[in-house]
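J.: sequence first, predicted model second:
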Amino acid sequence: MGLRGTRELRELRTWGAAHPRAVDIGLALVVQAAMTMPFVVPRGPELEPATWPAYGLTTLTVVPLVWRRRAPMTVLLAILATSALYRLAVEGPGQPLPYTGLVSVYTIAVLAPPWQRLVTAGLMVVAVPVSVWLNTQSARELTFSLFVFGAAYAFGRLTEARQRAQAVESERAAARERARIAREMHDVLSHAVSLMIVQAEAGPLAVRAAPERAEAAFDAISAAGRDAMTQLRGMLGVLREGEDAPRAPQPGIGELPALLERVREGGLAVGYATEGGVRALPAAAGASVYRIVQEALTNVVKHARARTAEVRLSHAGGVLRVTVTDDGRGPQGGPGGHGLVGIRERAAAHGGTAETGPGPGGRGFEVRVLLPVGKGTT
């Protein structure tokens, strides 16, 4: 099945879950059409006549299926009663398969509690042999009937197990998405607020000593706030519109220069170098590299008391090495908390690793991330 067919099937299932009564009415109509066939095909003179009373009782056997989800056990009892009435009260065409009973047993296997499933098994053990005895008294028909009812029940239990597994996976996916959004919001807010605090603290001094720098500080605060609001608005839009809503493109390696410029406006001298060419990365990997660099620089601004930092990207042998180094006070008083945990999680999500420790020569602090990204193209 192609991508289009898969999407249409998913949409059909979603519609069916939202309109269960319509689905049950449609199923009853399909069963009614199948049970109508013996009444409309030509019949030999030796067979029972296809009368309107018999057809009306056949329809009465199908009608309870409309309520099969609401009261599956009651529906089964109603079907057994009407089927017995059809067999004992009228002479009409038989059916090649017990459609209504199979649908009812399947529904009970999917939806009913254990005690109802146990009662259903007991009823089938009694009802199937009695029905065969009233019909043909054939061992072959008895074996076939027991087989199809057993298959309907087994298929129903498999469906229930699949639905339960899907529900568990949906819960896990929702938890992963909540964790992802929380991590994204932490990175965006932590970075923006850190830059704004640095600029705000430097503002009064700049007003007294260099008024022209005060204007730049306020511009930096405004730019950081606007950038944070834009990214948060995109994340919250996904939450409001659902997981199928189109997501705004996440920042990637191409946005790193703008990120570094905003950090420089906060007073930290940040260098940027690449080795092995800047390679095209998948969107998810590019966004992770951006967030890793953003969080590492946020930690430098918040904790390191550094004057300079350097961001270096090195691509070789299908591995991207991301290194962020500062000349601050190092690991003893260095960054910690959720930021470094988030960096490790992002690296692990792409099969990579993240390490932290002293910078070259034991000075400052360094974040080292290795991401397998393939050879790509320059």
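T.: Now that the structure is in, tell me what you want to look at. Numbering: from 1, shown residues only.

J.: residue 347 and residue 39, how far apart?
T.: Residue 347 is 68 Å from residue 39, where distance means C-beta to C-beta, to the nearest Å. (Each C-beta comes from the backbone N, C-alpha and C, glycine too.)

J.: which of those two has more residues huddled nearby?
T.: residue 347 (21 against 16; other C-beta atoms under 10 Å).

J.: so the more buried one sits against residue 353, correct?
T.: Yes. At 5.8 Å, residue 347 counts as touching residue 353 under the criterion of C-beta atoms under 8 Å.

J.: all the strands of this protein, residue numbers only.
T.: All strands of the chain, identified by DSSP state E, fall at 269-275, 308-316, 319-326, 353-358, 365-372.

J.: next, count neighbours for residue 72.
T.: Neighbours around residue 72, by other C-beta under 10 Å: 24.

J.: same question, residue 104
T.: Residue 104 has 25 nearby residues by other C-beta under 10 Å.

J.: so it makes contact with residue 74?
T.: No. Look at residue 104 against residue 74 with C-beta under 8 Å: they stay out of range, at 10.0 Å.

J.: what is in contact with these two at once?
T.: residue 64 (C-beta atoms under 8 Å, 6 or more residues apart in numbering).

J.: pLDDT weak spots in the stretch 251-378 of the chain?
T.: Residues of the stretch 251-378 of the chain meeting the criterion pLDDT under 70: 277-279, 331-338, 374-378.

J.: any chance you could map the helices in it?
T.: Here the stretch 251-378 of the chain has its helices, by DSSP state H, counting those that start in this stretch, at 256-265, 283-299, 338-349.

J.: using TSV, lay out those helices together with distance to residue 56.
T.: Listed next are the helices of the stretch 251-378 of the chain as TSV, based on distance: least, C-beta to C-beta, whole Å:
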stretch	distance to residue 56
helix 256-265	75
helix 283-299	61
helix 338-349	63
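
J.: next one: phi and psi at residue 71?
T.: phi -140, psi 70 (degrees, to the nearest 10).

J.: okay, now it: neighbour count?
T.: Residue 71 has 13 neighbours, counted by other C-beta under 10 Å.

J.: quick one: it from residue 196, how far?
T.: For residue 71 relative to residue 196 (C-beta to C-beta), the value is 61 Å.

J.: isn't residue 132 right up against residue 140?
T.: No. Here residue 132 does not reach residue 140: they are 9.4 Å apart, not a contact under C-beta under 8 Å.

J.: who has more neighbours, these two?
T.: Taking other C-beta under 10 Å, residue 132 and residue 140 do not tie; residue 132 has more neighbours (19 against 9).

J.: quick check: neighbours shared by residue 347 and residue 353?
T.: Any residue near both residue 347 and residue 353 by C-beta under 8 Å, 6+ apart counts here, and that gives 369-370.

J.: out of the helices of the stretch 251-378 of the chain, flag the one nearest residue 54.
T.: Counting by C-beta to C-beta, residue 54 lies closest to helix 283-299 out of these; the figure is 63.3 Å.

J.: residue contacts, residue 68?
T.: 24, 27, 75, 103-104, 107.

J.: and of these, the nearest to residue 263?
T.: Within these, the smallest distance to residue 263 is 60.2 Å, found for residue 24 (C-beta to C-beta).

J.: show me what contacts the closest one?
T.: Counting by C-beta under 8 Å, 6+ apart, residue 24 has contacts 65-69.

J.: would you show me how to pick out the buried ones of the residues you listed in ChimeraX?
T.: Applying 16 or more other C-beta atoms under 10 Å to these, the buried members can be selected in ChimeraX as follows:
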select :65,68
